[in-house]
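[1] no FASTA, just this:
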């Protein structure tokens, strides 16, 4: 740690790591307990177990019931929540500064002494199964999970965070508690805090309430899945086509992620971006159209999304293909690059006004071996990106031949549209009820129902799944 660093780092006697950033110009503090967890660490037959554990930690300990946990935070005007991502889980609270002892005590009680009461376990199983159904009925959400499954087949990062109805329905309480006891240990916990508090007081609180947390170690799992570039189409009785295209992006520790983030900003990351202007503003072919880039420890995901009607799908595909080729070949203009840098700078500075955002920033060293940075250190690499670097990363991530395509569409002859679109020929799977067709040669694709799945855009997907 640098002498002038605004961050405080220490390790408790039992091995729990602590990262903190204290600043006096707010009245609140956010504190989060981070564990390496999620589908990256799950057996395929136990998909959804990490998310199940997340739910169960709110259902009571030997000292307080689920209602007690909720009431104690309500009484102090605090906020308690959690989310499970592909490769970690976080339990966090935001409270006024003098209520930090209450937040530390309750969060510690939850992570070290949850009961997993059998009746609560079965009740929460039903809740999660309903949650899965809810997202299966939300095509604009589940499409991002289906894209991951298409791009990273048979790989952990392509699996659904919520699990499936089949895997969640089969989870055994003893299996779940065994995983809880092996993952929620001292060597797999980072506590992050940001806001108005005293660092030494925080350490004393954590020492007191986490001293009897289960000892143990937990190794980081590495994965760099091999991608597949196919077309998967799911047909349902809906009104709109939901289209995604995805390709591997840059990992959290890859210096090229600065350039790809700027590229994404100009390509589809805002209302002035190329995709938004060409598809929505100029032609009115979609209400929602954007791109995003998400980084993981060893890989990343660059994705494009558009929601449109079946009659406009062909034209939207043509426009996306045109913008991919144009941007890949010519990069960004000087004005676009300068504006993208200013946009990112503004977004970062605005985000720093949230203690929860600043808390999350502290977790990167623990999760990705990437030390937390000051705002100045964070912004500098983006400002140094050149036009040549933009063209180099564009050649990698905007290659249409290296993109998986996933679509949820209304019933109709979508095969004809895909046959005429400018994207290169690639394996295709058409899943769902077969639409009426005029007599013609049999299709080369098979059709079957949409499989159960749960949405979870990457990393904390595009946004984390919260209770």
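    Structure's in. What do you need? Keep in mind the model is a prediction, meaning the values are calculated, not measured.

[2] Check for me that residue 109 belongs to a strand.
    No. Under DSSP: H, G, I helix; E, B strand; the rest coil, residue 109 sits outside any strand and is assigned helix.

[3] Nearest spatial neighbour of it, chain-adjacent residues omitted?
    Excluding the flanking residues, the one nearest residue 109 by CB to CB, 6 or more residues apart in numbering is residue 61, at 5.0 Å. Every C-beta, even on glycine, is put in place using the N, C-alpha and C of the backbone.

[4] so how far is residue 271 from the one you found?
    According to CB to CB, to the nearest Å, residue 61 and residue 271 sit 46 Å apart.

[5] again with residue 84
    Applying CB to CB, the value for residue 84 to residue 271 is 31 Å.

[6] If you count surrounding residues, which of those two has more?
    residue 84 (29 against 9; other CB atoms under 10 Å).

[7] quick one, phi/psi of that one?
    Per-residue torsions, residue 84: phi -120, psi 130 (degrees, to the nearest 10).

[8] so it bridges to which residues?
    Beta-bridge partners recorded for residue 84 (DSSP bridges): residue 89, residue 465.

[9] Quick check: pLDDT value at residue 403.
    Confidence at residue 403, expressed as pLDDT, is 97.

[10] count of neighbours near the nearest residue to residue 367 once chain neighbours are set aside?
    Leaving aside its sequence neighbours, residue 367 sits nearest to residue 88 (CB to CB, 6+ apart; 5.5 Å). Under the neighbour criterion other CB under 10 Å, residue 88 is assigned a count of 25.

[11] Enumerate every residue touching residue 88.
    Counting by CB atoms under 8 Å, 6 or more residues apart in numbering, residue 88 makes contact with 34-38, 363, 367.

[12] switch to 10 Å and redo it
    Listed by CB atoms under 10 Å, 6 or more residues apart in numbering, the contact set of residue 88 reads 34-38, 40-41, 50, 188, 190, 297, 363, 366-368, 459-460, 464.

[13] Out of the residues you listed, name the ones that lie in helices.
    Among those, the ones falling in helices (DSSP state H) are 50, 366-368.

[14] does residue 74 really touch residue 80, like I thought?
    Yes. Counting by CB atoms under 10 Å, residue 74 sits close enough to residue 80 to count as a contact (9.2 Å).

[15] Comparing those two, which residue is more hemmed in?
    When residue 74 is set against residue 80 and neighbours are counted by other CB under 10 Å, the residue ahead is residue 80, at 20 against 11.

[16] how about the strands in the stretch 351-467 of the chain?
    Under the criterion DSSP state E, counting those that start in this stretch, the stretch 351-467 of the chain contains strands at 404-409, 428-431, 465-466.

[17] Assign a three-state SS to the nearest residue to residue 6 once chain neighbours are set aside, would you?
    Spatial nearest neighbour of residue 6, excluding adjacent residues (CB to CB, 6+ apart): residue 21 at 5.8 Å. Following three-state DSSP, we place residue 21 in the strand state.

[18] Let me see the contact set for residue 21.
    Per CB under 10 Å, 6+ apart, neighbours of residue 21: 5-8, 30, 192-195, 197, 199, 355, 358-359, 361-362, 372, 374.

[19] Out of those residues, which sit inside helices?
    Judged by DSSP H, the contacts of residue 21 include 199, 355, 358-359, 361 as members of helices.

[20] who wins for most neighbours among those residues?
    Within these, most neighbours by other CB under 10 Å means residue 359, with 26 neighbours.

[21] So it versus residue 322, what's the distance?
    Relative to residue 322, and taking CB to CB, residue 359 is found at 42 Å.

[22] Also residue 185?
    Distance, residue 185 to residue 322, using CB to CB: 52 Å.

[23] more neighbours, the two?
    Using other CB under 10 Å, the more surrounded residue of residue 185 and residue 322 is residue 185, with 21 against 13.

[24] didn't that one look like it was pressed against residue 215?
    Yes. With contact defined as CB under 10 Å, residue 185 counts as touching residue 215 (6.4 Å).

[25] Could you tell me which residues touch both of these two?
    Contact criterion CB under 10 Å, 6+ apart; residues bridging residue 185 and residue 215 by contacting each: 14-15.

[26] residues contacting residue 124?
    Neighbour list for residue 124: 52, 55-56, 58-59, 66, 116-117 [criterion: CB under 10 Å, 6+ apart].

[27] Going by distance to residue 235, which of those residues wins?
    Closest approach between the contacts of residue 124 and residue 235, by CB to CB: residue 52, at 30.6 Å.
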